[in-house]
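Visitor: Here's my sequence, what's the structure:
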Amino acid sequence: MRLKRPLQTATLLFVVLFLVSGVIYPLLVTGIGDLAFSSQAHGSLVRDRNGTVIGSMLIGLDFEGPYYFQGRPSATPGNPYNAGLSGGSNLGPSNPVLAERVNQTISALGRQGISGPWPGDLVTASASGLDPHITLEAALAQVPAVAEARGMNKEEVRALVLSEVEGRQFPFNPEYVNVLSLNRALDGEG
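Guide: Residues are numbered from 1 along each chain as shown. You can find the predicted model right below:
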């Protein structure tokens, strides 16, 4: 009978801790996050005019053709920007596979009318392989090609790029542009 009391105490403690840390706390944090940061709590999803989810402000998208600004190459194998396969390529600068990927990206950019010199973030993937941002320099390098493909004035497209620049997180960081946001503004959906 001496073992019955400690077993009951241990079981009660397990149930209480399970309810507090496994049910109540997660529901409380989720509820507060939903109320205080609704968009972020739901993945910063972007919807079109019909309410259909077209992407997230946090994950890059693969834009086809010269009518759109191109983001950083995706490092995810198979399906570009697949968050389930996120991770860097771990290829060093002397690796011939990396050099081949960069050359393929440069060729693809050239076919879209984007000429060099190419900023590094336009031809190499980010550490996660999902980055939705490019530097202002990379966006401005694409202005002539996008303007020509759309039949727009280069200065008008340049002004649009500059209007989409996001603030710097740190003084030493370059200025960035979210490619999805920029392309939506280009389509008049921003």
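Visitor: contacts, neighbours, all on C-alpha from now
Guide: Fine.
Visitor: Just the element for Ile134, please.
Guide: strand 133-135 (DSSP states H and E).
Visitor: Show me the shaky parts of this protein.
Guide: Within the chain, the segments meeting pLDDT under 70 span 1-3, 77-78, 87-89, 190.
Visitor: Which neighbouring elements make contact with the strand holding Ile134?
Guide: Here strand 133-135 is seen to pack against helix 120-123, strand 176-178 when contacts are counted using 3 or more C-alpha pairs under 8 Å, 6 or more residues apart in numbering; DSSP states H and E.
Visitor: Pull the contacting residues for Glu64.
Guide: With contacts defined as C-alpha atoms under 8 Å, 6 or more residues apart in numbering, Glu64 has no neighbours.
Visitor: measure it to Val15 for me?
Guide: Note on Glu64: its distance to Val15, by C-alpha to C-alpha, to the nearest Å, is 53 Å.
Visitor: Ok, Ser115 next?
Guide: Taking C-alpha to C-alpha, one finds Ser115 at 64 Å from Val15.
Visitor: So these two - more neighbours on which side?
Guide: Ser115 (15 against 12; other C-alpha atoms under 10 Å).
Visitor: Leu109 is in contact with the more buried one, correct?
Guide: Yes: using C-alpha atoms under 8 Å, Ser115 is in contact with Leu109, at 7.2 Å.
Visitor: This protein: helices as residue ranges?
Guide: With DSSP state H as the criterion, the chain has helices at 4-19, 25-36, 38-41, 96-111, 120-123, 136-150, 154-163, 179-186.
Visitor: hang on, Val143 packs against Lys154?
Guide: Yes: with contact defined as C-alpha under 8 Å, Val143 and Lys154 form a contacting pair (6.4 Å).
Visitor: More neighbours: these two, which one.
Guide: Using other C-alpha under 10 Å as the criterion, Val143 and Lys154 rank with Val143 on top: 24 against 15.
Visitor: contacting residues for the more buried one?
Guide: Neighbours of Val143 in contact, by C-alpha under 8 Å, 6+ apart: 154, 157-158.
Visitor: and the helices of the chain as JSON lines, adding distance to Ala83?
Guide: Putting these into JSON lines (distance: least, C-alpha to C-alpha, whole Å) gives the following:
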{"stretch": "helix 4-19", "distance to Ala83": "30"}
{"stretch": "helix 25-36", "distance to Ala83": "22"}
{"stretch": "helix 38-41", "distance to Ala83": "16"}
{"stretch": "helix 96-111", "distance to Ala83": "20"}
{"stretch": "helix 120-123", "distance to Ala83": "19"}
{"stretch": "helix 136-150", "distance to Ala83": "23"}
{"stretch": "helix 154-163", "distance to Ala83": "26"}
{"stretch": "helix 179-186", "distance to Ala83": "16"}
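Visitor: rewinding a little: out of the contacts of Val143, the closest to Phe69 would be?
Guide: Nearest to Phe69 among those: Val157, at 10.6 Å, using C-alpha to C-alpha.
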